[in-house]
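Novice: sharing a sequence plus its predicted fold:
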Amino acid sequence: METASTTSPIRIATRGSRLALWQAHHVADALRANGMEVEMVIITTKGDLVLDKSLDKIGAKGVFTEELEESLRNGTSDIAVHSAKDVQSTIPEDLELLAFMEREKVHDVVISFDPLFKLGEGQQVIGTSSTRRRSILKRFYPNVITAECRGNLQTRIQKLKDGQYDAILLAYAGVARMQYDHMIAQHLPLDTFIPAAGQGSIAIECAKTLPLERKLALKLALDHKPTHLCLLAERAYLRTMEGGCSIPTFALATLAGEELTLKAGIISLDGKHLILEETTAASGQAEAMGEQLAHAVLSQGGDRILQSIKAEKS
Ligand SMILES: NCc1[nH]cc(CCC(=O)O)c1CC(=O)O
């Protein structure tokens, strides 16, 4: 006899933004294709409500994830769907990251209503809410003025439309998923705008107590092994740096055959100091490699950058 736990629908916790819903429906489609039934549980997070403060000031740890995690704990959902980039580097003891879905392209783009817009030409005001993008802009485009740009993608694009900025910087992944490709004025190169750890992938989280057979079925339907290996390396880097999204770190792993390459670093808030390290290892060493690269970055001067950022914030 089958138990209720294996036949009842998978309840998917998601934020209510259009991108979050797209991601949750992407998960739902994959589960249905594997013969599972699904239900959506839409939850508002602190990150959706507090829009007048930059993320580093809210204390970004878990602002987009905490309420979803609470629903996993209190049994109102079975899995939570997050942008992998928004998931804190250390997740609570009672929860686990079950799967990472196949990654979209990882780079950043410039969005503007002027199709000929080129970063760095003339006086420009660029909207971004990311300390990483702001610091990189300061380094490579010192004449650009950056302005805070929070909110979901639609809100940010509305602010651009209202004339608050000449352009905004976004992850290509979200832009493509919302079908805003026609507003892309420029694709930014990966060697200067190295993405944040996890960018472009969708993470699936569950309670450790979820029945094993459910976990296995979910993993089989949702997990993309190459993406998962890359994310293990990037997230180990982030964890070792004690990063969080308020610190301008970046990390990008790529897999070729069984070999992982990880490029990662940190940049000072004024853009003046940048540490970038690269290493290669067997894919089985993903987490060890992320940790080692973090130690290398820290010993090459990353520790001083981290200290000065922490001092500036406190
Ligand atoms: N909290 C910001 C966030 N989290 C995930 C994405 C985009 C899609 C992704 O990287 O998965 C974004 C917006 C952005 O950086 O443009």
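Specialist: Okay, I see it. From a predicted model like this one, the values you see are computed outputs, not experimental measurements.

Novice: skipping adjacent residues, who's closest to Ala264 in space?
Specialist: Ala251 (3.8 Å; C-beta to C-beta, 6 or more residues apart in numbering). Heads up, the C-betas are built off the backbone N, CA and C, glycines and all.

Novice: partner strands of the strand or helix carrying that neighbour, with direction?
Specialist: Ala251 belongs to strand 249-256 when assigned by DSSP states H and E. With DSSP bridges as the test, strand 249-256 is paired with strand 259-267 (antiparallel).

Novice: helix or strand right after the strand it pairs with?
Specialist: Reading on from strand 259-267 to the C-terminus, the next helix or strand found by DSSP H and E is strand 274-282.

Novice: so where do the strands sit in the stretch 51-200 of the chain?
Specialist: For the stretch 51-200 of the chain, the strands defined by DSSP state E, counting those that start in this stretch cover 79-83, 95-100, 108-111, 125-127, 145-147, 167-171, 184-187.

Novice: what sits against the residue most central in space within the chain?
Specialist: Nearest to the mean C-alpha position of the chain, by C-alpha atoms, centre = their mean, lies Lys85 at 1.4 Å. Lys85 makes contact with Ala171, Ala196, Ala197, Gly198, Gln199, Gly200, Ser201, Cys245 under the criterion C-beta atoms under 8 Å, 6 or more residues apart in numbering.

Novice: show me what from the stretch 101-250 of the chain comes close to the ligand.
Specialist: Proximity of the stretch 101-250 of the chain to the ligand, by C-beta under 6 Å from any ligand atom, involves residues Leu170, Ala171, Ala173, Gly174, Gln199, Gly200.

Novice: repeat that for 8 Å
Specialist: Selection of the stretch 101-250 of the chain residues close to the ligand by C-beta under 8 Å from any ligand atom yields 104, 106, 108, 129-130, 153, 169-171, 173-175, 177, 195-196, 198-202, 245.

Novice: those residues in helices, which ones?
Specialist: Those of those mapping onto helices are Leu153, Ala173, Gly174, Val175, Arg177, per DSSP state H.

Novice: quick check: pLDDT value at the residue nearest to the centre of the chain.
Specialist: Listed pLDDT for Lys85 reads 95.

Novice: run a quick neighbour tally on the closest residue to it other than its chain neighbours.
Specialist: In this structure, Lys85 finds its nearest non-sequential neighbour in Gly198, 4.1 Å apart by C-beta to C-beta, 6+ apart. By the measure other C-beta atoms under 10 Å, the count of residues near Gly198 is 27.

Novice: over to Gly200?
Specialist: 26.

Novice: would you confirm that it contacts Val109?
Specialist: No - under the criterion of C-beta atoms under 8 Å, Gly200 is not in contact with Val109, lying 11.8 Å apart.

Novice: need the overlap of contacts for the two.
Specialist: Common contacts of Gly200 and Val109 (C-beta under 8 Å, 6+ apart): Ala171, Tyr172.

Novice: what's the distance between the residue nearest to the centre of the chain and Gly75?
Specialist: To Gly75, Lys85 is 27 Å away according to C-beta to C-beta, to the nearest Å.

Novice: anything in stretch 13-26 near the ligand?
Specialist: Yes - using C-beta under 8 Å from any ligand atom, stretch 13-26 reaches the ligand at Leu19, Gln23.
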